[in-house]
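**Q** Could you look at this predicted model? Sequence included:
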Amino acid sequence: MRTKLSQFNFELPEDLISKYPAEERDESRLMVVHKETGKIEHKIFKDVVDYFVEDDNFIFNNTQVFPARLYGKKEKTEANIEVFLLRELNSESKLWDVLVDPARKIRVGNKLYFNDEEGNEVLVAEVIDNTTSRGRTIRFFFEGTNQELKTLLKSLGNTPIPKYLNRDPEPIDIERYQTIYAKIPGAIAAPTAGLHFSRKLMKLLEIKGITFSEVTLHIGLGTFRNIEVEDLSKHKMDAEYYQIDETCTALVNKTQDAKKRICAVGTTSMRSIESSISAVGQLKPSEGWTNLFIYPPHEFSIADSMITNFHLPKSSLLIMVAAFGGLELIMDAYAEAVKEKYRFFSYGDAMLII
């Protein structure tokens, strides 16, 4: 029997969508879901330390969110244009894949102008191709090095908090819409399960003898794209860049061999490791693009526990979580989360599936 999109629908009251982060990272609420017994517990996130023991391993996604949302003006008309940087296509030619809004005003050949805070024009780009209804390829005119261009883009850009928050970025977002272990710039959205980890909590886990591994998956729009087919086997994910190095591989496989617990922190960490499985069911070093769409039924090879946020109805993220925890149990847990008024989405509360 095929898994259907409609099986992942639920009523989500608007007031449960969290607009701001919790006061302290590790003091969000934590729902603990036990796969084997179906038991559900209600905790605080820092209680996660109680569910793991020495030599268990946490796999984190160390991607760093870059300030991808720019505001510019179109030539001649001076119309305000939002340009959302998706990914660099060619560093030598300074080509980028972007989204533009309003798209109907932006055509091939148009020039876009970007000013600094004082209103001085500091950067110009030309639209050279249409990719989707809102997608464009643009070329920046910039005589400095590619690194200098990226530094300038960073200074011009805004933290790309999700649109559903219905507010402009604020100073708090610069710090809090980023994990404390973010290292490698490239994501247009934060790996939100990791936002709950504070330095103090990481130290407590370390003292307990728990080990940490890092993968990189640069989150793109594909993670959030609406699924428009009822039969999930027909859905195609957009590819996202990921990397798993030998250090991570060695530690994860050592943990697996010792029959210790391996916890994927977030759906992006889970997608990364499930995209790179060896013939003997262990993790292997890998670098490239993954368009893996995980939906029930799916046989997971590496992680036996998972930390995740509460996701949108009918989203690829919820579908992956249900594949890991079991469809019926996870949908029951979501009904409980709504009833108990857990906070949803990027700045919301967390779930540990164990």
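**A** Structure's in. What do you need?

**Q** quick check: mean pLDDT across stretch 317-327?
**A** Regarding stretch 317-327, the rounded mean pLDDT is 97.

**Q** Please work out which residues outside that stretch touch it.
**A** Here stretch 317-327 makes contact (C-beta atoms under 8 Å, 6 or more residues apart in numbering) with 3, 7-8, 33, 35, 223, 227, 232, 267, 270-271, 294-298, 300, 303, 306, 308, 311-312, 330-331, 333-334, 351, 353. For the C-beta atoms, the positions are set from N, CA and C on the backbone; glycine is no exception.

**Q** let's see it at 6 Å
**A** Outside stretch 317-327, the residues that touch it by C-beta atoms under 6 Å, 6 or more residues apart in numbering are 8, 33, 35, 267, 294-296, 298, 306, 308, 311, 330, 353.

**Q** Could you rank the residues you listed by neighbour count and give me the top one?
**A** Sorting the contacts of stretch 317-327 by how many neighbours each has (other C-beta atoms under 10 Å) puts residue 267 first, at 29 neighbours.

**Q** With residue 208 as the reference, measure out to that residue.
**A** Using C-beta to C-beta, to the nearest Å, residue 267 is found at 25 Å from residue 208.

**Q** ditto for residue 92
**A** 48 Å.

**Q** neighbour count winner among those two?
**A** residue 208 (14 against 6).

**Q** which residues touch the more buried one?
**A** Per C-beta under 6 Å, 6+ apart, neighbours of residue 208: none.

**Q** Apply 8 Å and report the result again.
**A** Residues near residue 208 by C-beta under 8 Å, 6+ apart: 49, 52-54.

**Q** go on, residue 302?
**A** Neighbouring residues of residue 302 by C-beta under 8 Å, 6+ apart: 59, 252, 256, 262, 264, 273-274, 277, 282-283.

**Q** Reformat the residues you listed as JSON lines; add neighbour count, secondary structure and distance to residue 325.
**A** Shown next, in JSON lines, are the contacts of residue 302 (neighbours: other C-beta atoms under 10 Å; DSSP: H, G, I helix; E, B strand; the rest coil; distance: C-beta to C-beta, whole Å):
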{"residue": "59", "neighbour count": "28", "secondary structure": "strand", "distance to residue 325": "17"}
{"residue": "252", "neighbour count": "22", "secondary structure": "helix", "distance to residue 325": "21"}
{"residue": "256", "neighbour count": "19", "secondary structure": "helix", "distance to residue 325": "20"}
{"residue": "262", "neighbour count": "22", "secondary structure": "strand", "distance to residue 325": "15"}
{"residue": "264", "neighbour count": "30", "secondary structure": "strand", "distance to residue 325": "12"}
{"residue": "273", "neighbour count": "26", "secondary structure": "helix", "distance to residue 325": "17"}
{"residue": "274", "neighbour count": "22", "secondary structure": "helix", "distance to residue 325": "15"}
{"residue": "277", "neighbour count": "16", "secondary structure": "strand", "distance to residue 325": "20"}
{"residue": "282", "neighbour count": "15", "secondary structure": "coil", "distance to residue 325": "23"}
{"residue": "283", "neighbour count": "27", "secondary structure": "strand", "distance to residue 325": "21"}
